[in-house]
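>>> got a structure for you, letters missing:
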């Protein structure tokens, strides 16, 4: 399944005629497959990534593997949940399972937190993706808003950042990092895609670098595209229409929604649509 919906049932139905209500389930199946194919092909989620914010409904103690939130609505398995504000004691953990408002993490808590402690979704990245001697970290998901906090650790961290393996997290001063390209230098509709650390750090900033390592950059920010690009919606809807017409044609190229149609979709796109899609394909970072 895709994270963002590009081709919608109403949008596709508006492009077709003589589609009965009984056909809606099969048409939705094609929408789901094309939406997933868009993200697989581009290597990106071309829309706003959903955020999450809640609070602890009960005290969490050191050694606890699960926490109870006021609400877990919107939190997903494999999200990274941070407990506490960066100005005080805080730590993050990978969400392993959710049952109601009870969230089980991949590793036990190191610290304790009282009821009412803020709980937010954050993002963990690998420092191995850094460039320019550790001053730039590409964020291919896109950064659509302000970076609320940026933390680094010199060593690889495990379990979604819960337990730094031999090192502490360092909070960088807000004035020591910024996003690029600036709005006037971006392709219209695109977000920022790079996080930079200044070459003139604030006095006392002992860690003005992204260090090589795994899970050793922790970011609290709004990521993703500012909005789903309308041209991508058009590509997705046209692909679904093509699949539907093949399904209804009854010829040699008939397809069924139950089948994997990922090999069929590319043949339905025009050269113009392929060129458009290529604009959004994620740049691969080569680690040397």
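Thanks, I have it. Predicted, not measured: the structure shown is a model, and the values here were computed from it.

>>> in the stretch 51-200 of the chain, which spans are strands?
53-55, 66-68, 80-83, 91-99, 102-105, 118-125, 136-152, 157-158, 163-164, 170-171, 177-180, 192-197 (DSSP state E, counting those that start in this stretch).

>>> how about the ones you listed, which one is nearest residue 234?
strand 136-152 (19.8 Å; CB to CB). Heads up, the C-betas are built off the backbone N, CA and C, glycines and all.

>>> Just name the most buried of the strands of the stretch 51-200 of the chain.
The highest average neighbour count among the strands of the stretch 51-200 of the chain, using mean count of other CB atoms under 10 Å, belongs to strand 80-83 at a mean of 23.

>>> Who are the packing partners of that one?
Contacts defined by 3 or more CB pairs under 8 Å, 6 or more residues apart in numbering; DSSP states H and E place strand 80-83 against strand 91-99, strand 118-125, strand 217-223.

>>> Would you mind listing the outside residues contacting that strand?
Strand 80-83 has contacts (CB atoms under 8 Å, 6 or more residues apart in numbering) with 52, 56, 60, 67, 75, 90-95, 103, 105, 109, 113, 117-124, 160-161, 218, 220.

>>> Apply 7 Å and report the result again.
56, 60, 67, 75, 90-95, 103, 113, 117, 119-124, 160-161, 220 (CB atoms under 7 Å, 6 or more residues apart in numbering).

>>> How about stretch 154-162?
Outside stretch 154-162, the residues within contact range by CB under 7 Å, 6+ apart are 80, 91-94, 105-107, 124, 163-167, 211, 213-216, 218.

>>> again, only using 8 Å
So stretch 154-162 is contacted by 80, 91-95, 105-107, 109-110, 122, 124, 163-167, 169, 207, 211, 213-216, 218 (CB under 8 Å, 6+ apart).

>>> re the thing from before, the helices and strands packed on strand 80-83 into JSON lines, with extra columns for distance to residue 279?
Shown next, in JSON lines, are the helices and strands packed on strand 80-83 (distance: least, CB to CB, whole Å):
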{"stretch": "strand 91-99", "distance to residue 279": "33"}
{"stretch": "strand 118-125", "distance to residue 279": "24"}
{"stretch": "strand 217-223", "distance to residue 279": "19"}
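
>>> Can you check which of the strands of the stretch 51-200 of the chain gets nearest to residue 224?
Per CB to CB, nearest to residue 224 of those: strand 136-152, 5.4 Å.

>>> helices or strands up against the closest one?
strand 118-125, strand 170-171, strand 177-180, strand 192-197, strand 217-223.

>>> Among those strands, which comes closest to residue 240?
Of the helices and strands packed on strand 136-152, nearest to residue 240 by CB to CB is strand 217-223, at 26.9 Å.

>>> List the pairing partners of the closest one within its sheet, with orientation.
Using DSSP bridges, the strands paired with strand 217-223 are strand 118-125 (antiparallel), strand 136-152 (antiparallel).

>>> circling back: in TSV, list the helices and strands packed on strand 136-152 along with distance to residue 275 and mean pLDDT.
TSV is the format used below for those (distance: least, CB to CB, whole Å; pLDDT from 0 to 100):
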stretch	distance to residue 275	mean pLDDT
strand 118-125	30	96
strand 170-171	43	93
strand 177-180	26	94
strand 192-197	20	94
strand 217-223	26	95
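
>>> and residue 41, which of the ones you listed is closest to it?
Checking those against residue 41 by CB to CB gives strand 192-197 as the closest, at 17.9 Å.

>>> List the strands paired with that closest one, with their directions.
strand 136-152 (antiparallel), strand 177-180 (antiparallel).

>>> Residue 7: which of those strands is closest?
Nearest to residue 7, of all the strands paired with strand 192-197, is strand 136-152, at 20.5 Å by CB to CB.

>>> between that closest one and strand 91-99, how many degrees?
Interaxial angle, strand 136-152 versus strand 91-99 (axes from the mean of the first three to the mean of the last three CA atoms, to 10 degrees): 90 degrees.

>>> got a pLDDT number for residue 142?
Residue 142 is assigned 92 on the pLDDT scale.
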